[in-house]
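# sequence first, then the predicted structure, then my questions.
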Amino acid sequence: MYRITKESHFSASHQLFGLREGHPCARLHGHNYIVVVELAAEELGETGFVRDYHDLGALKAYIDEELDHRHLNEVLGDGCVTAERLARHFHDWCAARWPEVAAVRVSETPKTWAEYRP
């Protein structure tokens with residue numbers, strides 16, 4: 001199996017609702033997010049790629065235009081914008097464009113990662 005990854009970065013705010021009183025994530029706050037999309041294929045295409053990295057620029061354009069420096073609760077219409085749900089959101093967005101998508105990882109902090117892998 002061949003695997004490639006592409007990493008993107010963005011900054012945004014969010015707020016998590018339904019948490020216990022005093023939980024810091026219940027307050028409006030922001031992160032410097034890292035998104036890593038993983039694509040996999042058993043065979044390489046005619047050009048020797050799983051997928052041309054140039055094609056994946058569409059994800060960066062989406063992030064820059066729709067999510068960067070925005071309030072994610074408003075953009076995604078959700079009161080529970082967790083890293084886990086963002087990983088699923090990005091997976092679904094990518095899988096609609098590239099059938100080779102195997103997983104998406106999202107980091108909110110240097111020490112935390114969430115992954116969606118169907």
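Okay, I see it.
# which one is A58 nearest to, not counting chain neighbours?
Leaving aside its sequence neighbours, A58 sits nearest to R97 (Cβ to Cβ, 6 or more residues apart in numbering; 6.5 Å). (Glycine included, C-beta is placed from N, CA and C.)
# same check on D68?
F10 (4.1 Å).
# which strand residues bridge that neighbour?
Under DSSP bridges, the beta-bridge partners of F10 are Y33.
# ok, now which ones touch it?
32-33, 35, 63-64, 67-69 (Cβ atoms under 8 Å, 6 or more residues apart in numbering).
# and of these, the nearest to T5?
Nearest to T5 among these is V35, at 10.3 Å by Cβ to Cβ.
# helix or strand right after the helix-or-strand element of the chain with minimal mean pLDDT?
One helix or strand of the chain scores below all others by mean pLDDT, DSSP states H and E: helix 72-76, with a mean of 95. Remark: after helix 72-76, the chain's next helix or strand is helix 83-95, criterion DSSP states H and E.
# show me what that following helix is in contact with.
Outside helix 83-95, the residues within contact range by Cβ under 8 Å, 6+ apart are 33, 35, 37, 59, 62, 72, 76, 78, 101, 103-108, 112-118.
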